[in-house]
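Undergrad: Just a sequence and a predicted model for now, questions to come.
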Amino acid sequence: AQSVTQLGSHVSVSEGALVLLRCNYSSSVPPYLFWYVQYPNQGLQLLLKYTTGATLVKGINGFEAEFKKSETSFHLTKPSAHMSDAAEYFCAVSDTGNQFYFGTGTSLTVIP
Amino acid sequence: NAGVTQTPKFQVLKTGQSMTLQCAQDMNHEYMSWYRQDPGMGLRLIHYSVGAGITDQGEVPNGYNVSRSTTEDFPLRLLSAAPSQTSVYFCASSGGVATNEKLFFGSGTQLSVL
């Protein structure tokens, strides 16, 4: 089975600072990788996904993530945090088995 | 465009009661799934379906039943609720059975079992 590890259950950054949310996965086959965002009392929304091709993936709201196979990582970054980025972020991995595996989530706080 | 609709939004049950969480999607998606979200544990897959008449177990299926009689609907049944089933439940669907497709999530059902 796949697994996903998100380092840091809570991350705080100042408004305008770099956002870095870490995700490592375990997979015996090339995976599909996703980042989802959850705003309070809402379902999850897709930020970005990696399937094949370019290892640097750009998503919505200025977020991007880089797939590094050698490090089995898929960290999420944003150059400049905005107050509206405060939310819960989930990394997810899937294989060809029709199942998605989610990390435990990272709560992002943006300090004005 | 409604997307994925879950009902009810909130529910309180007593131990041993049964209930069905409803999920419907209007996007003609083949893949539908149920997750539970618990603090510090992320989302865990309960059951999923790759089409009408086809269901399979996920990571935490015990205590839950599902069926898929139509493409649109994927109800989740709790036959005898237990306090351990207190959680937030999300239904999600995607446009293909291949798991490189993104999931569309409903807004969730908050369930408390007393």
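TA: Noted; the coordinates are in hand. Residues are numbered from 1 along each chain as shown, chains lettered A, B, ... in the order given.
Undergrad: So which residues on chain B come close to chain A?
TA: Contact residues (Cβ under 8 Å from any Cβ of the partner chain) of chain B with chain A: B:4, B:31, B:33, B:35, B:40-45, B:48, B:50, B:56, B:58-59, B:90, B:92, B:97-100, B:102-103, B:105-108. Every C-beta, even on glycine, is put in place using the N, C-alpha and C of the backbone.
Undergrad: Now do the same contact list for the residue nearest the centre of chain B.
TA: The structure's chain B has its C-alpha centroid closest to B:Trp34; by Cα atoms, centre = their mean the separation is 2.8 Å. Residues in contact with B:Trp34, defined by Cβ atoms under 8 Å, 6 or more residues apart in numbering or on different chains, are B:21, B:23, B:45-48, B:58, B:64, B:66, B:74, B:76, B:89-92.
Undergrad: Quick check on those residues: which are buried?
TA: B:21, B:23, B:45-48, B:58, B:64, B:66, B:74, B:76, B:89-92 (16 or more other Cβ atoms under 10 Å in any protein chain shown).
Undergrad: Need the three-state assignment for the residue sitting nearest the centre point of chain A.
TA: The residue lying closest to the centre of chain A (Cα atoms, centre = their mean) is A:Trp35, at 3.6 Å. Classification of A:Trp35 using DSSP: H, G, I helix; E, B strand; the rest coil returns strand.
Undergrad: Hmm, it is touching A:Tyr25, no?
TA: No. A:Trp35 lies out of contact with A:Tyr25 (Cβ atoms under 8 Å); the separation is 11.8 Å.
Undergrad: got any residues that touch both of those two?
TA: A:74, A:91.
Undergrad: Okay, and the beta partners of the residue nearest to the centre of chain B?
TA: For B:Trp34, the beta-bridge partners are B:His47, B:Cys91 (DSSP bridges).
Undergrad: Next: B:Ser112.
TA: Judged by DSSP bridges, the bridge partners of B:Ser112 are B:Val12.
Undergrad: Give me the distance between it and B:Gly40.
TA: 18 Å (Cβ to Cβ, to the nearest Å).
Undergrad: same thing with B:Gln57?
TA: Counting by Cβ to Cβ, the gap from B:Gln57 to B:Gly40 is 23 Å.
Undergrad: Tell me which of the two has more neighbours.
TA: Under the criterion of other Cβ atoms under 10 Å in any protein chain shown, the comparison of B:Gln57 against B:Gly40 puts B:Gln57 first, with 14 against 7.
Undergrad: Excluding chain neighbours, what is closest to that one?
TA: Nearest residue to B:Gln57, sequence neighbours excluded (Cβ to Cβ, 6 or more residues apart in numbering or on different chains): B:His47, at 5.9 Å.
Undergrad: Hmm, that neighbour is touching B:Pro75, no?
TA: No. If you go by Cβ under 8 Å, B:His47 and B:Pro75 don't touch, sitting 10.5 Å apart.
Undergrad: got any ranges where the chain has weak pLDDT?
TA: Let's take chain A. Along chain A, segments meeting pLDDT under 70 span A:1, A:28-30, A:96-97.
Undergrad: oops, I was thinking of chain B
TA: Scanning chain B for pLDDT under 70 picks out the ranges B:1, B:96-100.
Undergrad: Let me see the ranges of the strands in it.
TA: For chain B, strands defined by DSSP state E occupy the ranges B:4-7, B:10-13, B:19-25, B:31-38, B:42-51, B:54-57, B:64-66, B:76-78, B:87-94, B:104-105, B:109-113.
Undergrad: quick one, which of the ones you listed is nearest to A:Ser9?
TA: strand B:42-51 (10.1 Å; Cβ to Cβ).
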